[in-house]
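# model this:
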Amino acid sequence: LLFSSAGAMRLVLQRVRSASVSVDDKMISSINTGILALVGLHEDDTLQDCLYCAKKLCASKLWENEDGKPWRKSVKQLEYDVLLVSQFTLLGDVSNKKHAPDFKLSMKSAQALVAYEEFKSLVVAEYGNQDRIKEGIFGTKMDVALVNDGPVTLVVDSPRHARSTLNTSDVT
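Have a look, this model is predicted:
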């Protein structure tokens, strides 16, 4: 996968009791307990950004352990579900005088589709169970329904520096 060299991929992770994606009133995907991950791709994202975010998604400790201690277990450890939803608007900006959204930092559609598919493959590989990874339909207007658990919502941005020296030990 060839991308240029500086950017910040963005995930919004929401711990959910359930979530679903529908298109034209038809349910496409649904999960029970797990993570709804909104995926925003920056125009300069690299394979390293995708890997960093895939590892963070699967390893983030958003649940308590068997002793009730919070923030000790990940979606992967508990074998919960993940629902991926591509969302170019995560990199939008409304700082202009007209207050109109500007999405110029979002990766363009054709390149974003390739990057999103690569990211999804990395999430499946990191999680280790393809059946637990669900998704919406890339580039489609979707209705996303969820029941937040907590609520717990976290933003994960890939690092903007040291792209060429990033290795897997940096993202665990």
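# C-alpha from now on. contacts and neighbour counts both.
OK.
# which residues in the chain form strands?
10-23, 26-31, 34-40, 61-63, 73-74, 81-86, 133-135, 143-157 (DSSP state E).
# want to throw those strands into TSV with distance to Val94, mean neighbour count and mean pLDDT?
Listed next are these as TSV, based on distance: least, CA to CA, whole Å; neighbours: other CA atoms under 10 Å; pLDDT from 0 to 100:
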stretch	distance to Val94	mean neighbour count	mean pLDDT
strand 10-23	17	22	98
strand 26-31	31	17	98
strand 34-40	16	26	98
strand 61-63	31	19	98
strand 73-74	34	19	98
strand 81-86	20	26	98
strand 133-135	28	20	98
strand 143-157	19	15	97
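# how about those in TSV, adding distance to Ala125?
Shown next, in TSV, are these (distance: least, CA to CA, whole Å):
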stretch	distance to Ala125
strand 10-23	18
strand 26-31	19
strand 34-40	16
strand 61-63	18
strand 73-74	15
strand 81-86	13
strand 133-135	10
strand 143-157	19
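# show residues contacting the longest helix seen in the chain.
Looking across the chain with DSSP state H, the single longest helix is helix 109-127. Contact with helix 109-127 is made by 1, 41, 47, 50-51, 54-55, 57-58, 76, 84, 86, 130, 133, 138-139, as judged by CA atoms under 8 Å, 6 or more residues apart in numbering.
# just the buried positions in that helix, please.
Residues of helix 109-127 classed as buried by neighbour count (16 or more other CA atoms under 10 Å): 112-113, 115-116, 118-124, 126-127.
# just give me the closest of those residues to Lys69.
Lys69 lies nearest to Tyr127 out of the buried residues of helix 109-127, by CA to CA, at 22.8 Å.
# next one: the closest one from Ser20, what distance?
Per CA to CA, to the nearest Å, Tyr127 is found 20 Å from Ser20.
# do Ala59 as well
Taken as CA to CA, the span from Ala59 to Ser20 is 22 Å.
# do Met107 as well
25 Å.
# please apply the same query to Ser109.
23 Å.
# same question, Ile133
For Ile133, the distance to Ser20 - CA to CA - is 12 Å.
# could you do His42 as well?
From His42 to Ser20 the distance is 25 Å (CA to CA).
# what of Val152?
17 Å.
# buried ones in stretch 61-70?
61-63.
# of those residues, which is the nearest to Lys98?
Using CA to CA, the buried residues of stretch 61-70 come closest to Lys98 at Leu62, 38.3 Å.
# intersection of neighbour lists for Ile133 and Ser20?
With CA under 8 Å, 6+ apart, Ile133 and Ser20 have common neighbours Leu83.
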